[in-house]
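K.L.:
For reference, the sequence and a predicted model appear below.
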Amino acid sequence: MGASLLPGILVVALLAVTLRVFVFSPLSSPERLALPDVSPHFASIPINTGLHGTVKLGVGLQGPEDVCIDEDGVLYTATRDGWIKRLRKGESAWEDWVFVHNSSILGIAASRHGGLVVCDTEKGLLIVHEGGASLLSSHVGKSPIRFADDVIEALDGNIYFSVASTKYTLSNWFFDVLEARPYGQLLKYDPSTKESTILLDNLAFANGVALSKDEDFLVVCETWKFRCIKYWLKGEKAGETEVFIENLPGGPDNINLAPDGSFWIALLQLTIQGREFFHTSKVPKHVIATFPSLISKVTQVFGRASVMHVGADGNVLMRHDDPQGKVCRMVTSAVEHDGHLYLGSLRNDFVGKLPLV
Ligand SMILES: [Ca+2]
Ligand SMILES: [Ca+2]
């Protein structure tokens, strides 16, 4: 009797799961994701354990996604508890600097006029000074700015920032990767008009933004296209785009200019070898989006950490990895300063400091 009931129960359970997946999946018509070719360019620079030499600056920080350093060498990060924290030169303890409001802060950049420009994934673009935070830009046209991700200020005062997704939010960002439809934007805030405008639309999860040393171009990362785009600001090609680097061995998160004009790009591991079908087939995408606890089972996005050092010409110079996430997990930002790399992460409880030798 019991044995004869079993197939029926299994069929009902299977139907219930199928129904749940297709009725409750938050994705609309996901696309198959084109995974990067394993380029010989990267094969010549093998995965290593270079990030194992990372020293932890402070523990107990909640997901310090981005880091930046001001003219005086003060290190800043924004943590999930709503604080912008800072670490002065020679000190060992992080100071609560300005309370913003909640866990929604991502990219930060030092402003030449003092303070920081800050991406708030719920409110838009903020300026943060000693006295507190105020809103610089909340709308582009009539649309509210949501999921601002990374920001950089140019010498002329213009502020460039990315919107990762106009559809999804920080808490369900991986749905944007699974849906694989481009909802990202590159925006420009002009302080003379106090308005934001769209420079580039239909980007694949627009993430890190960095200016070149001469500010003649900027680079914006497209996380799930495994590439970064160059957007010309000056010269004959002003307003045009071209590929800066592609087929990256991970999804680029934040990008930062190094003192010598090269760039550091933090990479997210969006796949696990052998489980690529979760990105290339449509049904598994709906399954993961319905049961998000599966994300860590089919990606190493929260585990392995990688940063790439790339020249101003887009050629790879070096990489540093923590393949098992032993010391650093999910590094989201790498900033070079004074012979060291400072590492932010949504998953670590410290900012990393890696000597560059
Ligand atoms: Ca930044
Ligand atoms: Ca980011």
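P.N.:
Received, thanks. Ligands and ions are numbered 1, 2, ... in the order given.
K.L.:
Could you find the closest non-adjacent residue to I159?
P.N.:
Nearest non-adjacent residue to I159, counting by C-beta to C-beta, 6 or more residues apart in numbering: Y189, 4.2 Å away. (Each C-beta comes from the backbone N, C-alpha and C, glycine too.)
K.L.:
quick one: the one you found and P252, what's the gap?
P.N.:
Remark: distance between Y189 and P252 (C-beta to C-beta, to the nearest Å) = 22 Å.
K.L.:
Give me the more crowded residue out of the two.
P.N.:
Per other C-beta atoms under 10 Å, whichever of Y189 and P252 has more neighbours is P252, with 27 against 23.
K.L.:
same for the helix or strand harbouring that one, what does it pack against?
P.N.:
Element membership for P252 (DSSP states H and E) is strand 251-257. On a contact count with 3 or more C-beta pairs under 8 Å, 6 or more residues apart in numbering; DSSP states H and E, strand 251-257 meets strand 206-211, strand 217-222, strand 227-232, strand 263-268, strand 331-337.
K.L.:
Parallel or antiparallel, list what pairs with the first one.
P.N.:
In the sheet containing strand 206-211, the strands it pairs with under DSSP bridges are strand 217-222 (antiparallel).
K.L.:
now the angle from the strand it pairs with to strand 263-268?
P.N.:
Taking axes from the mean of the first three to the mean of the last three C-alpha atoms, to 10 degrees, one finds strand 217-222 and strand 263-268 inclined to each other by 10 degrees.
K.L.:
Strand 217-222 near ligand 2 anywhere?
P.N.:
No. Strand 217-222 lies out of reach of ligand 2 by C-beta under 5 Å from the ion, never closer than 7.9 Å.
K.L.:
Please compute how far that strand lies from its chain's middle.
P.N.:
Distance of strand 217-222 from its chain centroid, counting by C-alpha atoms, centre = their mean, to the nearest Å, is 12 Å.
K.L.:
how about the residues of the chain that lie near ligand 2?
P.N.:
Residues of the chain lying near ligand 2 (C-beta under 5 Å from the ion): D149, D150, N207, D253, N254.
K.L.:
Serialize those to TSV and add fields for neighbour count.
P.N.:
Converted to TSV, those look like this (neighbours: other C-beta atoms under 10 Å):
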residue	neighbour count
D149	29
D150	29
N207	29
D253	30
N254	29
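K.L.:
quick one, helices of the chain?
P.N.:
For the chain, applying DSSP state H gives helices covering 2-24, 40-43, 173-179, 277-280, 282-290, 295-298.
K.L.:
quick one, what contacts the residue nearest to N202 when sequence neighbours are not counted?
P.N.:
The spatially closest residue to N202, leaving aside those adjacent along the chain, is P182, at 4.3 Å (C-beta to C-beta, 6+ apart). Counting by C-beta atoms under 8 Å, 6 or more residues apart in numbering, P182 makes contact with N202, L203, A204, F205, E222.
K.L.:
Pipe those residues into JSON lines and attach neighbour count, distance to F244 and pLDDT per row.
P.N.:
Below are these laid out as JSON lines (neighbours: other C-beta atoms under 10 Å; distance: C-beta to C-beta, whole Å; pLDDT from 0 to 100):
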{"residue": "N202", "neighbour count": "10", "distance to F244": "17", "pLDDT": "98"}
{"residue": "L203", "neighbour count": "23", "distance to F244": "13", "pLDDT": "98"}
{"residue": "A204", "neighbour count": "24", "distance to F244": "14", "pLDDT": "98"}
{"residue": "F205", "neighbour count": "28", "distance to F244": "16", "pLDDT": "98"}
{"residue": "E222", "neighbour count": "25", "distance to F244": "10", "pLDDT": "98"}
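K.L.:
Which residue lies nearest the spatial centre of the chain?
P.N.:
D253 (3.1 Å; C-alpha atoms, centre = their mean).
K.L.:
any idea how far ligand 1 is from that one?
P.N.:
Separation of D253 from ligand 1 (C-beta to the ion, to the nearest Å): 10 Å.
K.L.:
Next up, the contacts around that residue.
P.N.:
Here D253 is in contact with N207, G208, C221, T223, I265, A266, L267, L268, V331, T332, S333 (criterion: C-beta under 8 Å, 6+ apart).
K.L.:
wouldn't the last one be in contact with N348 here?
P.N.:
No. Counting by C-beta atoms under 8 Å, S333 stays clear of N348, with 10.9 Å between them.
K.L.:
When the two are compared, which one has more neighbours?
P.N.:
Neighbours per residue, other C-beta under 10 Å: of S333 and N348, the larger number sits with S333, 30 against 25.
K.L.:
how about that one, what does it touch?
P.N.:
Contacts of S333 (C-beta under 8 Å, 6+ apart): E65, D66, V67, G208, D253, N254, N256, A266, L343, G344, S345.
K.L.:
List the beta-bridge partners for it.
P.N.:
What pairs with S333, by the bridge criterion (DSSP bridges), is G344.
K.L.:
Can you read off the pLDDT for it?
P.N.:
If you check S333, the pLDDT there is 98.
K.L.:
Over to S44?
P.N.:
As predicted, S44 sits at a pLDDT of 79.
K.L.:
give me phi/psi at it?
P.N.:
Backbone torsions of S44, given as degrees, to the nearest 10, read phi -70, psi -10.
K.L.:
That one and ligand 2: what is the separation?
P.N.:
Relative to ligand 2, S44 is positioned 28 Å away (C-beta to the ion).
K.L.:
again, but for Y183
P.N.:
Applying C-beta to the ion to Y183 and ligand 2 gives a distance of 15 Å.
K.L.:
Give me the number of neighbouring residues for that residue.
P.N.:
Count around Y183 with other C-beta under 10 Å applied: 19.
K.L.:
ok, it touching T166?
P.N.:
Yes. Counting by C-beta under 8 Å, Y183 does reach T166; the two are 4.7 Å apart.
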